[in-house]
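> Sequence plus the predicted model coming up.
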Amino acid sequence: MRPPIEEEIEAAEVEVADNHYAAMSLVTTRIAGNAVCRVVNRCNEAQESCNLDLSECQLMQIPDAIYLLMQNTHLTICDLSNNVISKLPPKFPERFTGITELNLSHNQICKLPDQLSEMKSLQKLDISYNSFVELPETINRLSDLCTLIASHNFIINVDFKSFEVCLKQLKEADFTENPLNQPTLNMLEEKLPFRVLYTAPNDEDWRDLDN
């Protein structure tokens, strides 16, 4: 038989653990509740400004609620930066075709839906600080695109000649801090009708990516 004192100690430890988990659950619920309130408040603000700022909202995905909250708003600017979003759902560009500026930076996105090409008015696209290893082909179908920011990804190859053919309005493309391969760098030595920002390779690890 176990001494009574050991049973009392064990019971006390269980009670403390239960209280700890209950407290953590309460904190988590409050954080989630605050995030939801933040999204709703920002959607309400966007109904007046047509500028939806959902940056730093702890989003793992695009909330379905925004399609309802923004259904009567002609959205022109959308900021989804500094979240943990892993993908952009096809219905987002289908619903918000009038956006002119879209900021997806500082997320965990590695590809974009083909439906992005339906955003015919898009002039500025920021996909920096994500997980792209190649540039989505759908970007070539954004005929009004003027500025593309794709810095701080893992992009190796870019066909800038296709930009020249498809993106007639492009003025600047930012590919700094990407491990661009030698054929891509060679292409940059040719005359292009838009400005390209890039980081010249000086790290042997980057060069190894070509092999």
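Now that the structure is in, tell me what you want to look at.

> so what's I99 up against?
L75, T76, I77, C78, M119, S121, L122 (CB atoms under 8 Å, 6 or more residues apart in numbering). For every residue, glycine as well, the C-beta is placed using N, CA and C.

> and the gap between the most centrally placed residue in the chain and Q123?
In the chain, the residue lying closest to the centroid (CA atoms, centre = their mean) is L104, at 3.2 Å. Distance, L104 to Q123, using CB to CB, to the nearest Å: 15 Å.

> and which of the contacts of I99 is nearest to E94?
M119 (9.2 Å; CB to CB).

> If I follow the layout properly, the closest one ends up in contact with S143?
No. Between M119 and S143 there is no contact under CB atoms under 8 Å: 10.2 Å.

> Between these two, which is the more surrounded one?
M119 (23 against 14; other CB atoms under 10 Å).

> I'd like the contacts of I99 as JSON lines, with secondary structure appended.
Formatted as JSON lines, the contacts of I99 follow (DSSP: H, G, I helix; E, B strand; the rest coil):
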{"residue": "L75", "secondary structure": "coil"}
{"residue": "T76", "secondary structure": "coil"}
{"residue": "I77", "secondary structure": "strand"}
{"residue": "C78", "secondary structure": "strand"}
{"residue": "M119", "secondary structure": "coil"}
{"residue": "S121", "secondary structure": "coil"}
{"residue": "L122", "secondary structure": "coil"}
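
> Which among these count as buried?
L75, T76, I77, C78, M119, L122 (16 or more other CB atoms under 10 Å).

> Flag the shaky bits of the chain, pLDDT-wise.
Residue ranges of the chain with pLDDT under 70: 1-35, 203-211.

> Start from the N-terminal end of it and give the strands.
51-53, 77-79, 101-103, 124-126, 147-149, 172-175, 195-198 (DSSP state E).

> can I get those in CSV with distance to C166?
Converted to CSV, the strands of the chain look like this (distance: least, CB to CB, whole Å):
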stretch, distance to C166
strand 51-53, 28
strand 77-79, 23
strand 101-103, 18
strand 124-126, 14
strand 147-149, 12
strand 172-175, 12
strand 195-198, 15
